[in-house]
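Colleague: I would like the atomic coordinates for the input below:
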Amino acid sequence: MAISFPTVNQYWSPLMPPASQRWPRGLPRSRWRKESPRGPFLPWPQWERREPLEAAISFVNAGAVVTAASGSMTLGVPIGVNNGDVVLAGFHARGGTGVTITPPAGWTLVKRQDNGTVTSTVVYRAIVPIGSTTFTITGNAKTVGFTLGYSGVDNTTPMDVAPVGSNSGTAFTNATSNTVTPVTDNAWVVGWFGADVIASGFTNTVGFFLQFGFQRQSGGLGGGAGSTQVALDAADGIQSPPGATGTLRVDWSTGAAALSQGITVALRPAAAAAFVARQTSSRSSRPGPIKQLSPSGIRLAACR
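Modeller: Numbers count the residues shown, from 1 in each chain. Got it, this is the predicted structure:
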C-alpha cells in the first residue's frame, strides 16, 4: 500500500476522508480530523477527536495592604499580573452609606455591602493593563483596602454569577458571606470579609474554605476604641463541579468579637486554551490514549 504524505496546509487543515477509508463507527465526522501516518510502519490513516479542556484560573498575587484614617486611597497593582489578567480591589470603610467611592477609569463595581451608616465592604474589578489605582473616597473614617490578581479569567464575562453579600447582625469572632452557585466548572470563588475590629490571624475553619480555600491577604487599622477599628480579609478557592458553595466563613484568632460583612464573588474561567484529543484508527472504533493539543490543532505527540 502506497503512503502519501500531506503538505503542511493539508496536515493542519480539517480533511474529509476518501470514500475508501472508513470512519470509526459511531463517531460523528464533524468532531474528527484526519492525521496521516508519520512513517511506513503505520499503513493506515489516523483519526483524532478534539474536545475543549476546561480552562483554569490561577491566583497571581496580592497587593500590599493600604490603610487611611480618612479620604482617598491608592492601592498597589499585584506584582506579576499581565495584560488580560483580572484584578479585584476590596475596601472596608467606616461610614457605611455615608461613604462615596469614585473609582478611577477602567474599574467596575462588583458589589457593595453596607451595614447602615456604620461600615461598608466594597469590591471593584479591572482588567490589566490598569491606568490608575487611586480611588476617590469621601465621607469615610478609617478604611483598609488591597488588591488580588488572577489569570485565566474570562475578560468578556468575568463574573460567573451575580455576587452576593451579607451582614452578620451579631458580634462574632468570625465573618461569613452567603452562598453562591457558580454555573461554570472551575469557577474561582473569592470571599471578602470586613470586620469592625482590628482583627488578625484569619483562618479557614469550616465549610468550602476549609476544604478548598486559601488565605490570600488581610490587614486593618486600629487605634482608638474598637468601634472605630477596621479589618479586611480575602480568601478564595476553586469550585468544581458547578454548584452551591454553601456559606463562606473565616475566623480570626486575635481581636474581639465584632460585627462583620461579607461579599462572595465567582470568577468565570476564560475559554479553553487547549484541547483533549482521542486518537483511533480506521481499523478500530476504540479510542486511544488522551493527548493534548494547542489551540491551532498542532499535535504534541507522535502517532501510535
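Colleague: list the contacts of Thr264.
Modeller: For Thr264, the contact set (Cβ atoms under 8 Å, 6 or more residues apart in numbering) comprises 163-165, 177-180, 189-192, 245, 248. C-beta coordinates here come from the backbone N, C-alpha and C atoms, glycine included.
Colleague: which of those ranks first by neighbour count?
Modeller: Trp192 (33 neighbours; other Cβ atoms under 10 Å).
Colleague: partners of that one in the sheet?
Modeller: Ala234, Ile263 (DSSP bridges).
Colleague: pretty sure it sits against Ser166.
Modeller: No: counting by Cβ atoms under 8 Å, Trp192 does not reach Ser166; the two are 11.2 Å apart.
Colleague: show me what contacts Arg249?
Modeller: Arg249 sits in contact with 174-177, 204-207, 209, where contact means Cβ under 8 Å, 6+ apart.
Colleague: related to what we said a few turns ago, among the contacts of Thr264, which are located in strands?
Modeller: Using DSSP state E, 164-165, 177, 189-192, 248 are the members of those that sit in strands.
Colleague: can you pull out the helices in the stretch 1-150 of the chain?
Modeller: Shown for the stretch 1-150 of the chain, the helices assigned by DSSP state H, counting those that start in this stretch span residues 8-12.
Colleague: next: the stretch 201-304 of the chain.
Modeller: For the stretch 201-304 of the chain, the helices defined by DSSP H, counting those that start in this stretch cover 207-212.
Colleague: any weak-confidence spans in it?
Modeller: For the stretch 201-304 of the chain, the stretches with pLDDT under 70 are 223-227, 272-304.
Colleague: in it, which spans are strands?
Modeller: Under the criterion DSSP state E, counting those that start in this stretch, the stretch 201-304 of the chain carries strands at the ranges 214-221, 230-239, 248-254, 260-267, 275-281, 290-293.
Colleague: those strands: which one's closest to Thr97?
Modeller: Closest to Thr97 of the strands of the stretch 201-304 of the chain, according to Cβ to Cβ: strand 260-267, at 12.6 Å.
Colleague: and which of the contacts of Arg249 is nearest Arg112?
Modeller: Using Cβ to Cβ, the contacts of Arg249 come closest to Arg112 at Ser177, 13.4 Å.
Colleague: could the contacts of Arg249 go into CSV alongside distance to Pro104?
Modeller: Output for the contacts of Arg249, formatted as CSV (distance: Cβ to Cβ, whole Å):
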residue, distance to Pro104
Asn174, 33
Ala175, 28
Thr176, 31
Ser177, 26
Asn204, 32
Thr205, 36
Val206, 37
Gly207, 35
Phe209, 31
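Colleague: just the strands of the stretch 201-304 of the chain: most buried one?
Modeller: Among those, strand 260-267 has the highest mean neighbour count (mean count of other Cβ atoms under 10 Å), at a mean of 27.
Colleague: may I have it as CSV, with CA atoms only?
Modeller: Extracted in CSV, the C-alpha atoms of strand 260-267 (Å, rounded to 0.1, in the frame of the first residue of the first chain):
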residue,chain,number,x,y,z
SER,A,260,-18.8,42.0,60.0
GLN,A,261,-19.8,41.9,56.4
GLY,A,262,-19.1,39.6,53.6
ILE,A,263,-19.1,39.6,49.8
THR,A,264,-18.8,36.4,47.6
VAL,A,265,-17.6,36.7,44.1
ALA,A,266,-17.3,33.8,41.5
LEU,A,267,-14.9,34.4,38.6
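Colleague: need the overlap of contacts for Trp192 and Ser166.
Modeller: 177, 262.
Colleague: please tell me how far the spatially closest residue to Thr245 that is not a sequence neighbour sits from Ala235.
Modeller: Leaving aside its chain neighbours, Thr245 sits nearest to Phe208 (4.6 Å; criterion: Cβ to Cβ, 6 or more residues apart in numbering). Distance, Phe208 to Ala235, using Cβ to Cβ, to the nearest Å: 9 Å.
Colleague: give the residues shared as contacts by these two.
Modeller: Residues touching both Phe208 and Ala235 (Cβ under 8 Å, 6+ apart): Leu248.
Colleague: can you tell me how far the residue nearest to Thr245 sits from Ala187?
Modeller: 12 Å.
Colleague: so which of these two has more stuff around it?
Modeller: More crowded of Phe208 and Ala187, by other Cβ under 10 Å: Ala187, with 27 against 22.
Colleague: and the more buried one, bridged to which residues?
Modeller: Gln239.
Colleague: quick check: buried residues in stretch 72-84?
Modeller: Buried residues in stretch 72-84, defined by neighbour count with 16 or more other Cβ atoms under 10 Å: 73, 75-78, 81.
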